[in-house]
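J.: Next input, structure requested:
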Amino acid sequence: MTRRHQAALAGTAVVTAVAGILRYATSAGVVPFAAAAVALAGLAYLVAFGTEQVGARYGPAVTGFMQSTLGNLPEFFIVIFALSAGETVVAQTSIIGSLFANALLVLGLVIVVGARSADDGLMSFKVRLPMDTATLLLVAVFIIVITGLSAGSSDKASAHIETIDAIGAGCVLFVYAAWIRSYLRSDTGPATDVPHGSTLPLPIGLGVLAAAGTGSAFVSDWFIHALDPAIRTLGISKAFAGLVIVAIAGNAVENFTGLVLARKRNFDLAISVVKNSVAQIAAFLFPALVLVSLAFAHTLTFQLAPVYIGAMLLTAIAVWQITGDGEATEFEGWALVSLYVILATFALYE
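T.: Residues are numbered from 1 along each chain as shown. Purely as a prediction, here's the structure:
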């Protein structure tokens, strides 16, 4: 383990301890909220590091899937604690915010960095994952669109949205399971950019992942506890908090790892990390949480505000258009980032 990683481990431990002290020793507010957000980002970094170490033994498909799964742990816990606290707006917007953040902001920045690091200014990668992600996004968007149309038109089916969405969630999960089984089998061997001799022993790498994942559960609880007082103090809407602040804090893994991999010209793995996260949020995390929420007093459904339904559909089209041919230029990356900024600005005034 390098000195940089040791410093990151120590720093994350300190920030997490401070966030825990602020959670129980002071009243909720902006400072405890900020401390919990920084701690989440630090834990996400450790997840990225641990996954990179474990993933050095596998190819880009397995490693990208592993990184995305563990990287989405903070988001999963945030939504669970938000639902238990009755914060359904935060729970729902944080999920779709994570999708928008990864599909537009993170992917866009990864493309910008990747295109700039490429000799010819063109970031090239395998086309299968981008196309598969587009398909999974469209499957997820289908249930979101018809749920919104049904609720908006107040037809007979709108009285049974919870049941319909539960069945729809099961169908989306089945499609995701069918995809991931074949996708992981397509792996072609180790492809991570870990310098020779720097790989940690497997038990230690797994230990880092376990510790970071456990810490994420606690910090997510502290984060949600301080969220409501913080947004009242800052004067922002819950939609903006969930769509932007919670989403970015909960997806720090993809923010950091994807950019580093793109800068190192490991384009296939960079795209794998980000695209796996997009596919997983849309076709696994969202439907899984819809089913899990049935155990709570406040349930989660696919019913979104019309503007977010439109944004989801257009995001799926934009991602397919820009990455479906297996190459992307810098301006296409900035186009995705611009779409995210426009959406975040809209959410600010919600």
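
J.: What segments of the stretch 1-150 of the chain are helices?
T.: With DSSP state H, counting those that start in this stretch as the criterion, the stretch 1-150 of the chain has helices at 3-25, 30-55, 60-71, 73-84, 88-100, 107-117, 128-153.

J.: can you tell which of these is closest to residue 345?
T.: For the helices of the stretch 1-150 of the chain, the distance to residue 345 is smallest for helix 88-100, at 12.5 Å, taking CB to CB. Glycine gets a C-beta too; all of them are placed from N, C-alpha and C.

J.: sorry, back to before: now render the helices of the stretch 1-150 of the chain as CSV, adding distance to residue 340.
T.: Shown next, in CSV, are the helices of the stretch 1-150 of the chain (distance: least, CB to CB, whole Å):
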stretch, distance to residue 340
helix 3-25, 27
helix 30-55, 18
helix 60-71, 18
helix 73-84, 17
helix 88-100, 6
helix 107-117, 7
helix 128-153, 16
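
J.: wait, which of these is closest to residue 221?
T.: That would be helix 73-84 among those, by CB to CB, at 5.0 Å.

J.: Taking helix 88-100 as reference, get the angle to the closest one.
T.: With axes from the mean of the first three to the mean of the last three CA atoms, to 10 degrees defining the directions, helix 73-84 sits at 160 degrees from helix 88-100.

J.: Show me what counts as buried in helix 73-84.
T.: Within helix 73-84, the residues scored as buried using 16 or more other CB atoms under 10 Å are 73-84.

J.: Report back the residue of this protein that's furthest from centre.
T.: residue 156 (34.4 Å; CA atoms, centre = their mean).

J.: Surely residue 83 and residue 294 touch.
T.: No - look at residue 83 against residue 294 with CB atoms under 8 Å: they stay out of range, at 10.5 Å.

J.: Skip the chain neighbours and tell me the closest residue to residue 97.
T.: Of all residues not flanking residue 97 in the chain, residue 247 sits nearest, at 3.1 Å (CB to CB, 6 or more residues apart in numbering).

J.: Just the element for that neighbour, please.
T.: Residue 247 belongs to helix 247-250 when assigned by DSSP states H and E.

J.: what does residue 328 give?
T.: Assigning secondary structure by DSSP H and E places residue 328 in strand 327-329.

J.: what's that strand packed up against?
T.: Secondary-structure packing of strand 327-329 (3 or more CB pairs under 8 Å, 6 or more residues apart in numbering; DSSP states H and E): helix 107-117, strand 122-124.

J.: can you give me the mean pLDDT across that strand?
T.: For strand 327-329, mean pLDDT is 93.

J.: and if you look at stretch 257-271?
T.: 83.

J.: Kindly format the C-alpha coordinates of that stretch as PDB.
T.: The C-alpha trace of stretch 257-271 is given here as PDB (Å, rounded to 0.1, in the frame of the first residue of the first chain):
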ATOM      1  CA  THR A 257     -12.200   6.000 -10.400                       C
ATOM      2  CA  GLY A 258     -13.600   6.700 -13.900                       C
ATOM      3  CA  LEU A 259     -11.500   9.900 -14.300                       C
ATOM      4  CA  VAL A 260      -8.300   8.200 -13.100                       C
ATOM      5  CA  LEU A 261      -8.800   5.300 -15.500                       C
ATOM      6  CA  ALA A 262      -9.600   7.600 -18.400                       C
ATOM      7  CA  ARG A 263      -6.500   9.600 -17.700                       C
ATOM      8  CA  LYS A 264      -4.400   6.400 -17.700                       C
ATOM      9  CA  ARG A 265      -6.000   5.500 -21.100                       C
ATOM     10  CA  ASN A 266      -7.600   2.400 -19.700                       C
ATOM     11  CA  PHE A 267     -10.700   3.400 -21.700                       C
ATOM     12  CA  ASP A 268     -12.500   0.000 -21.600                       C
ATOM     13  CA  LEU A 269     -12.400  -0.200 -17.800                       C
ATOM     14  CA  ALA A 270     -13.200   3.500 -17.400                       C
ATOM     15  CA  ILE A 271     -16.400   3.000 -19.500                       C
END
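
J.: Identify each buried residue in that stretch, please.
T.: Buried positions in stretch 257-271, judged by neighbour count with 16+ other CB under 10 Å: 257-262, 266-271.

J.: how far does it sit from the chain's center?
T.: 17 Å (CA atoms, centre = their mean, to the nearest Å).

J.: and the direction of the lengthiest helix in the chain versus that of helix 73-84, what angle?
T.: Using DSSP state H, we find that the single longest helix of the chain is helix 202-234. Angle, helix 202-234 to helix 73-84, by the same axes, to 10 degrees: 50 degrees.

J.: starting at the chain centroid, how far to helix 202-234?
T.: Computed by CA atoms, centre = their mean, the chain-centroid distance of helix 202-234 equals 14 Å.

J.: quick one: buried residues of that helix?
T.: Buried, per 16+ other CB under 10 Å, within helix 202-234: 205, 208-209, 211-213, 215-228, 230-231.

J.: got it, and stretch 297-314?
T.: For stretch 297-314, the neighbour count (16+ other CB under 10 Å) marks 299-304, 308-309, 311-313 as buried.

J.: Let's see which of the residues you listed end up in strands.
T.: Nothing among the buried residues of stretch 297-314 maps onto strands, per DSSP state E.

J.: which one of the residues you listed is nearest residue 42?
T.: Using CB to CB, the shortest approach to residue 42 within those belongs to residue 300, at 27.8 Å.

J.: which residues does that closest one contact?
T.: 79, 83, 88, 91-92, 95, 289-290, 293 (CB atoms under 8 Å, 6 or more residues apart in numbering).
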